Structures are given as C-alpha cells and as structure tokens.
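> mind folding the following:
(2 chains)
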Amino acid sequence: MKKTRTRFAPSPTGYMHIGNLRTAIFEYLIAKKDNGDFILRIEDTDQTRKVEGAIDFIYDTLSLCRFKIDEGPNNEGEYGPYIQSERIDIYKKHALELVEKGAAYYCFCTEERLDKLREVASLNKQAFMYDGHCRNLSKEEVDEMLAKGVPYVIRQAMPKTGETIVSDVVYGDIVINNSVLEDQILIKSDGYPTYNFANVIDDHLMNITHVVRGKEYLDQTAKYNLLYDAFGWEKPEYVHVAMVLGEDGSKLSKRNGDASFMDLYNEGYLPDAIVNYLVLLGWSPETNQEVFSMDELINAFDPKRISKSSSQYDVKKLNWFNAQYIKRLSMDDYFDFVLPFLKDAYNLDEKSDEWIHHLVSIYQNHISYGKEIVNEVKIFFEDDITLDEECLSFMKQDGVNDTLKAFKEEIEAISDWNVDSISIAINNVKEKAGVKGKMLYMPIRIAVSGVMHGPELPDTIYLLGKEKVLKRL
RNA sequence: GGCCAGUUGGUGAAGUGGUUUAACACACUGCCCUUUCACGGCAGCAUUCACGGGUUCAAAUCCCGUACUGGUCACCA
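Numbers count the residues shown, from 1 in each chain, chains lettered A, B, ... in the order given. Got it, this is the predicted structure:
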C-alpha cells in the first residue's frame, strides 16, 4: 500500500485567498488522516508572475494555520527540487519520451499562423482549436527544422475519437469526449513546461497519491489521464473541489481584499478560527460538531463528504467562529492577541498596566475579531462624546435629569475609587431617584460613554476615571 | 456557441425511496436570565427541496426534459 501523499502547489504570487487556503486544508487533512505526507511545491513556470519572498510567505501562512510541511523548497525531501523552475530538464526529458512514443510531437507553427486560425474560428463563432498542422511532419522534416533552429513547442497528440473517463472522489465518473480535447502544448517555446504538463510529471515523480484542486480543472483532467496512460503510469485519486464565492456570490478575486488570509489575519482573525470556518465551507462532518481542533479535524475528515456545489464566503459566520476562539483563549494569550491592535491605535504611555489589563479583559466576550476592540474602547480615549438620535431621544425622557443629578452626587462622594464602590453608588441612585432597571442604567451609560451598548457599567465607569466621568456629567 | 458540472431557507448545510409535518449552525425576530448592555438560555423563522413531466403504494432522494448558475475551451496557472 502506497503512503498517502498530497501536495499544495501554489504559484508564488505572494497572495493567498481563502479559496486557495481551503484547498490546502483539504490536502493537509487527506494526508494526515492516513498518516501521510503533505508536500509544498512551487509552481513558477510562468516566470512573469514571480514575486520576491513569496515562498517564505507561503511557509508562514501554512505554519500559522498549523500545517506541518513534510517536504518543500525550504525542507527538501528525496523528491526535490520542489520548485518547478528548477526541474526544467525533467519535463523536457519526459516530453521527449512522449515524442519517442508517438504521444507527442514537435510543432513549429508560428504565432501568426495561430492568430489567423483564431481569427477564422471567431469569425465562424467557433472555439479555436489547434488544427494539428505539425502532427504529421516526417522525422526528416522535424530534424531539418530543429537543425535550422526554428522555435518549436511540443504538443500532446490527442486521440480524435472515443472518450476518456475521469474518476473523481467527489464528482464520480465524468465522461469526456476525446474530440473536444486540443493537442495541448506540453513544452513552451521558452523551454518551460505548461502547468498541465508539469503537474502530471511532478505529481507522478513525487509519488502524489491524491490530487486535490479546484473544480475548474475537472475538464482538463481527461488530458492528464491520457498523459498518464501514455507514460504507463498509475493515475492518482482526483479530488476536485467546488469554488468558494465572494459574499455577493461572485468569484473571489484579489480585488475582494478581505478574502485574503493575510488581510483577515491582520484584522485579528485567529488562524485556527479561519481554518475551522473554511473547512466547513464545502465540507460537512457526519456529526453536528462545528468547532474542531486540528486533531479532531484530521479524525473527522472524509473527502467523500466534500460538496459538489460552490459555497459563499460569509464573514458573519467567520465572526462567530472567531468569537468562539477568542473566548477560549487564556487570559495571557488573549492579552497578547489584542494588545498590538490597541497599541497601534492609541497612545498607551500614560496608562498603567493594571488599567490596560482591566480594559482589555472586559472585552474578551464582546469582540469577534481583534481589531474590533479599537472601536469598542474609543469611549475611553476620546474627550468629547456626541450622542446619536437614539441616545438623544432616550435622554429626553422624564426623570433622566434627576437620575443623573443623583448619580453625580454619588460619584463625587466616592473616596475609594474601585468597581465595588461604583456599584454601590449606582445602587444608591436607585434609592434616591426611585428608578431601576433600564431607566437607571441607560441614562448613566449614555451620559458617561455616549453609547447604549458596552461592557459592564461599573467597569466602564471605573476605567473612565472619576475626573472624566464628572466632566461628562 | 460546444463540452462539463451544480441547483435544499438570507448564508453554511444534513438528507442517498418510507422513522422528515426537511436536522444542525450563522444571521434575523421574540422571550427569559442579568437592577442596564453584552454573554448565556429558550422559542420562532423552507407546508417544502429551481421548474415540468414520469417511475413507485410512497420521491428532496430514481429517470427524462426545461430553466438558471458556474466552470472550461491560451506558448496562464
């Protein structure tokens, strides 16, 4: 029995949106469920798209998500190199092998000829497909062109008739008619392989057992199978996964900024929560469990339960997951987590550690992402407060002024400023002004904080400080 | 346009012929708890599974057709 091996194969663009990440999650879980290996391979055959530092970025991202990379460019195993641009010779060699076998051929067609073909096709409202012009070149003709140094590509010779069956773990058997298959390019004129070719070669050479990728590649898989057959290689298991759509149901793109993992991370979304949310987007466990640790995930994951239809990214549910994870953070971890957001937004130099801790601690059950705390604590850092319509109309009610007057007196009378004494003060107001519940708390809350929602009132008052509270009254 | 796939509530989804008068979760609404807010708890929220036919004693579940959505048809990955 072969050891299960999956691979994450991004191109090094320095950007990872949640759709890519989700694919990585699935790949990781499939491998780890079988105690297999998770491999990172960099697909940089398009040299124009290369971005500096992108490989480290991918390592960082995956490590934040708790994925252990068993083999990759920075920790090579026995199947290296793990960067496609360093494997050029390998692809070339295999392409030539196919030419030898008659499954591929040299093509010397010029850009101009191809363009003309394309033009004609679009005129006839037909999809362009290479006409196989060079497919029947004789050995002598080929050698002559080669000797003359005419630029060439190597194309795969597709069968013209019959059909190819693609077996997929989530979609079942898909039948593709061979007549729709183009004699696709395997090796480009710059000597680099195309994505489709490099993929097949690498996946085989690296002993990948499960190829997990976006559903958009499903149709292409017939070509892959033909390639595997031509080499006489065993095909991997295919796991095609449906797309993740943006919140509006449209395709995710770079433009849809907040769907990038790093952006979410920088906003204060915990990688564990992101992973947990994403794995449930397009996959569901047999039980009703929703919050999963990595180990539980590895245990529960079954690729057969990946859904066939695409799903929409929903930040509200992500918020819920993230809030769950924030609540479960230890006090220390939580503090380390939110403090950077606070420091970034406010000058904390004059605040005591005790004060900062107290402030932050009352929000652990309130926020759904780290940066949210910045807005929440605004009332403690601003001098002026402005009331919105709702607050204003509340404050116009009868008795509000009496309540506030009584409250002010109580506050002034406090000598030992702490949460308990403030609670007592509020309680005294209840007696004095003869109000309770909402009519007691709301006027005070609005007067001191300017908003109708917030953390525990005594804490709020305590943190604001006597001076500020009196000033606002 | 050809080919391929998908279609269960605002969202993620369970469901593979009868125990489903369609689970669970997010969101939303209401109530309770808390002397306020939030947290938490409880309840409500699809008479119906894109639509139309068929098979069957019985269909969200099987078959056929239609519609819609998406993908794919590059010397991009």
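
> any idea how far RNA strand B is from the closest residue to A:A9 other than its chain neighbours?
In space, not counting the residues next to it along the chain, A:A9 is nearest to A:R41; the distance is 4.6 Å by Cβ to Cβ, 6 or more residues apart in numbering. For glycine as for every other residue, the C-beta is placed from the backbone atoms N, C-alpha and C. Noted for A:R41: a distance of 10 Å to RNA strand B, by Cβ to the nearest atom of the strand, to the nearest Å.

> A:R41 against A:F8, yeah?
Yes. With contacts counted by Cβ atoms under 8 Å, A:R41 reaches A:F8, the gap being 7.4 Å.

> before we move on, the earlier item: and the residue nearest to A:A9, what is it in contact with?
Each residue near A:R41 by Cβ atoms under 8 Å, 6 or more residues apart in numbering is listed here: A:R7, A:F8, A:A9, A:G72, A:Y82, A:I83, A:Q84, A:D202, A:M206.

> and the fifth one, how many neighbours does it have?
Taking other Cβ atoms under 10 Å as the neighbour definition, A:Y82 ends up with a count of 24.

> repeat that for the last one.
By other Cβ under 10 Å, 20 other residues sit near A:M206.

> now it. Nearest residue, chain neighbours left out?
A:Y79 (4.4 Å).

> the nearest residue to A:D56 once chain neighbours are set aside: neighbour count?
In this structure, A:D56 finds its nearest non-sequential neighbour in A:N74, 7.8 Å apart by Cβ to Cβ, 6+ apart. A:N74: 12 surrounding residues under other Cβ under 10 Å.

> pLDDT wise, what is the nearest residue to A:F381 once chain neighbours are set aside at?
Nearest residue to A:F381, sequence neighbours excluded (Cβ to Cβ, 6+ apart): A:Y346, at 5.2 Å. Predicted confidence (pLDDT) for A:Y346: 91.

> tell me how far the residue nearest to A:D56 lies from RNA strand B.
Note on A:N74: its distance to RNA strand B, by Cβ to the nearest atom of the strand, is 19 Å.

> looks like that residue contacts A:I55 (just checking).
Yes. Using Cβ under 8 Å, A:N74 is in contact with A:I55, at 6.9 Å.

> just to revisit the earlier point, possible to save the contacts of A:R41 as CSV with pLDDT, secondary structure and distance to RNA strand B?
Below are the contacts of A:R41 laid out as CSV (pLDDT from 0 to 100; DSSP: H, G, I helix; E, B strand; the rest coil; distance: Cβ to the nearest atom of the strand, whole Å):
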residue, pLDDT, secondary structure, distance to RNA strand B
A:R7, 98, strand, 12
A:F8, 97, strand, 12
A:A9, 95, coil, 7
A:G72, 96, strand, 16
A:Y82, 96, coil, 14
A:I83, 95, strand, 11
A:Q84, 94, helix, 8
A:D202, 97, helix, 11
A:M206, 97, coil, 15
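
> so can I have TSV of the residues you listed showing distance to A:A24?
Formatted as TSV, the contacts of A:R41 follow (distance: Cβ to Cβ, whole Å):
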residue	distance to A:A24
A:R7	10
A:F8	4
A:A9	10
A:G72	12
A:Y82	15
A:I83	17
A:Q84	17
A:D202	17
A:M206	16
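
> now, which of those residues sits nearest A:L278?
Nearest to A:L278 out of those is A:F8 (Cβ to Cβ; 13.8 Å).

> who are the contact partners of the nearest residue to the closest one once chain neighbours are set aside?
Excluding its sequence neighbours, the residue lying closest to A:F8 (Cβ to Cβ, 6+ apart) is A:A24, at 4.5 Å. By Cβ under 8 Å, 6+ apart, the contact list for A:A24 reads A:F8, A:L62, A:C65, A:F67.

> out of those, which end up buried?
Buried residues within the contacts of A:A24, counting neighbours by 16 or more other Cβ atoms under 10 Å: A:F8, A:L62, A:C65, A:F67.

> so the second one versus A:S330, what's the distance?
Read it as A:L62. Relative to A:S330, A:L62 is positioned 24 Å away (Cβ to Cβ, to the nearest Å).

> pLDDT below threshold where in the stretch 251-400 of chain A?
A:254-258 (pLDDT under 70).

> where do the helices sit along it?
Under the criterion DSSP state H, counting those that start in this stretch, the stretch 251-400 of chain A contains helices at A:261-267, A:271-279, A:294-300, A:315-328, A:331-345, A:353-361, A:372-376, A:389-395, A:400-413.

> now do the second one: which elements does it pack against?
What it means is helix A:271-279. helix A:18-33, helix A:261-267, helix A:294-300, helix A:315-328 (3 or more Cβ pairs under 8 Å, 6 or more residues apart in numbering; DSSP states H and E).

> who's in contact with it?
Outside helix A:271-279, the residues that touch it by Cβ under 8 Å, 6+ apart are A:18, A:21-22, A:25-26, A:29, A:64-66, A:244, A:261, A:264-265, A:290-292, A:294, A:297, A:301, A:317-318, A:321-322, A:324-326.

> whichever of the residues you listed end up buried, select them in ChimeraX.
Buried residues among the contacts of helix A:271-279 (16+ other Cβ under 10 Å), as a ChimeraX selection:
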select /A:18,21,22,25,26,29,64,65,244,261,264,265,292,294,297,301,318,321,322,324,325,326
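
> RNA strand B next: which of the contacts of helix A:271-279 are close?
Counting by Cβ under 7 Å from any atom of the strand, A:E290, A:K317 from those sit close to RNA strand B.
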